[in-house]
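S.K.: Sequence isn't available, so here's the structure alone:
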DNA sequence: CGTCAACTTGACACGGTGTCAAGCTCAATG
DNA sequence: CATTGAGCTTGACACCGTGTCAAGTTGACG
């Protein structure tokens, strides 16, 4: 299934990512991806059963390329106190731009394609788990606002650093990435701590 | 154009809203709306040139039905101090569920349909103006956090109370509407004030 | 040489939007 | 009363993107 021709498969994934990163989501059709990959549209279906699967595979490809798990383990997990919170916001916030294209495409498919929905939810609950562990630490150190339960705090933090909010601030409000990160760090502290 | 047959037109708008409120957005096709309105699919195009226009008309219809402008004028504009902020969050936050269906549909069309994008942006900048006036008041009373410019504060408040965030907390995190409002009021204060 | 996998071309079904043409119905008007 | 025109109907069709199917090509490797 994926033993020999890593080349073509990898080329497809890279093309998909490149197209999604640059253009409007709707303008990334199967035929566009095929063209950029240098193969026929039909050959795409020899590698991925449908568009949703291709997009999901692209997210996993990006996770691998950027070794996001490792970065979380190295920078967020060992941090203490408020640093843990700001490190989480910074690491994730700097990863969002890299997955934004494919995320947007997947989110656009969510209504109507249950598989796409499940795939995106799956990626996002991974982030949620990390947010929960950050909240747990705050709680242990007595820094969590007394007005918030752990679940509520996690929900708020997770929503605060959502891809949609990044999109809103970076694109609609034209913030720089730097400004986004610094204000988000501050916002996370204001929102969650006493 | 819209002088005589208010009945059919109104029936279409109501059907659209009813369908959008209840089901998955993708499953609200022109034919579904026609069926519920008791007319043929083609007759829909005698009233609205395309799907985007129909959805936009539905938002305006909802604005009228709920007299949202009036509510803002009565509850947010006259309020003072932090009350202005919490009133804004509460009024808008309680309006979101009413427009959520059509908003979702419009947002789903935004990529690929420039008209839909423009329409939704237009509605949202109306909210943004109110957010800006709230921030202005905070500033005048010296309550705005010194770390935020007026634009930054408006951007943050507007993003905080976005339809997407409402969706995230109410649906993904399964918060009640009441909990959503009370936490949002608190979050707005924590985020914007010194 | 034969075989197999990767890929090609070309045709097609499906579903949703939007268009076009022709005809029906009924109320208001001359 | 006959005509007109607005509002609606049925039915056919073009377009687009996804996904499927069938038959043929190419090239590496035994």
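M.R.: Perfect, I can see it now. Because the structure is predicted, anything quoted here is derived from the model rather than measured. Numbers count the residues shown, from 1 in each chain, chains lettered A, B, ... in the order given.

S.K.: Whichever helix in chain A runs longest: which residues count as buried?
M.R.: Using DSSP state H, we find that the single longest helix of chain A is helix A:81-109. For helix A:81-109, the neighbour count (16 or more other C-beta atoms under 10 Å in any protein chain shown) marks A:82, A:84-93, A:95-96, A:98-109 as buried. Every residue, glycine included, has its C-beta placed from N, CA and C.

S.K.: relative to helix B:81-109, how tilted is it?
M.R.: Calculated by axes from the mean of the first three to the mean of the last three C-alpha atoms, to 10 degrees, helix A:81-109 forms an angle of 40 degrees with helix B:81-109.

S.K.: Now the element after helix A:81-109, going C-ward?
M.R.: Using DSSP states H and E, the helix or strand that follows helix A:81-109 towards the C-terminus is helix A:114-140.

S.K.: Below-threshold pLDDT in chain A: ranges please.
M.R.: Applying pLDDT under 70 to chain A flags residues A:1-6.

S.K.: Recalculate using a threshold of 50.
M.R.: Filtered on pLDDT under 50, chain A yields the residue ranges A:1-5.

S.K.: so what's residue A:12 up against?
M.R.: Going by C-beta atoms under 8 Å, 6 or more residues apart in numbering or on different chains, residue A:12 touches A:33, A:37, A:39, A:44, A:47, A:48, A:54.

S.K.: Try it again at 6 Å.
M.R.: A:37, A:47 (C-beta atoms under 6 Å, 6 or more residues apart in numbering or on different chains).

S.K.: What of residue A:173?
M.R.: residue B:155.

S.K.: anything in the longest helix of chain A near DNA strand C?
M.R.: No - applying C-beta under 7 Å from any atom of the strand, one finds helix A:81-109 separated from DNA strand C by no less than 13.9 Å.

S.K.: tell me which parts of chain A are close to DNA strand D?
M.R.: Of all the residues in chain A, those lying near DNA strand D are A:29, A:30, A:31, A:42, A:45, A:49, A:50, A:51, A:52, going by C-beta under 7 Å from any atom of the strand.

S.K.: Make a PyMOL selection of whichever of these turn out to be buried.
M.R.: To isolate the buried members of the residues of chain A next to DNA strand D in PyMOL, using 16+ other C-beta under 10 Å:
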select buried, chain A and resi 30+51+52
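
S.K.: Please narrow the residues of chain A next to DNA strand D to those residing in helices.
M.R.: Counting by DSSP H, the residues of chain A next to DNA strand D place A:30, A:31, A:42, A:45, A:51, A:52 in helices.
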